[in-house]
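Undergrad: here is my input, please return the structure:
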Amino acid sequence: MTDELVRELERVRAENRQLERALVSHATVDRAIGVLTVLGRISPDDGFTVLREISQHTNIRLSAVAEHLLAHARGAALPDVLLGELHAALARHADPRARP
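TA: Sure, this is the predicted structure:
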């Protein structure tokens, strides 16, 4: 192989690894949105907004917040900073008609 082909092969492999990581991250975020829709009785769009707000208010990557929420759904404790933001964000986006 020529040097040019070797460089191109490495570039394509690196791009492939990046795309694989993006797919995993996207799936994690989608599942976390599902958790939020059930937990907060909100729409998927609002679920994404809640996830984004928690991420922005805590300065934690969105994918990391999603991972914490999925672990919490499986019974793990949610870090206090995320728990507080979760309650605040869900309260902001809750449908007033859904409240008892």
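Undergrad: where does the prediction get shaky in the chain?
TA: Segments of the chain classed as low confidence (criterion: pLDDT under 70) are 1, 22-24, 96-100.
Undergrad: which other helices and strands does the longest helix belonging to it contact?
TA: Counting residues, the longest helix found in the chain (DSSP state H) is helix 3-40. Judged by 3 or more Cβ pairs under 8 Å, 6 or more residues apart in numbering; DSSP states H and E, helix 3-40 is in contact with helix 44-58, helix 62-73, helix 80-93. In this view, the C-beta of every residue, glycine as well, is placed from N, C-alpha and C.
Undergrad: may I see the buried residues of it?
TA: 25, 28-29, 32-33, 35-37, 40 (16 or more other Cβ atoms under 10 Å).
Undergrad: could you give the angle of it to helix 44-58?
TA: 100 degrees (axes from the mean of the first three to the mean of the last three Cα atoms, to 10 degrees).
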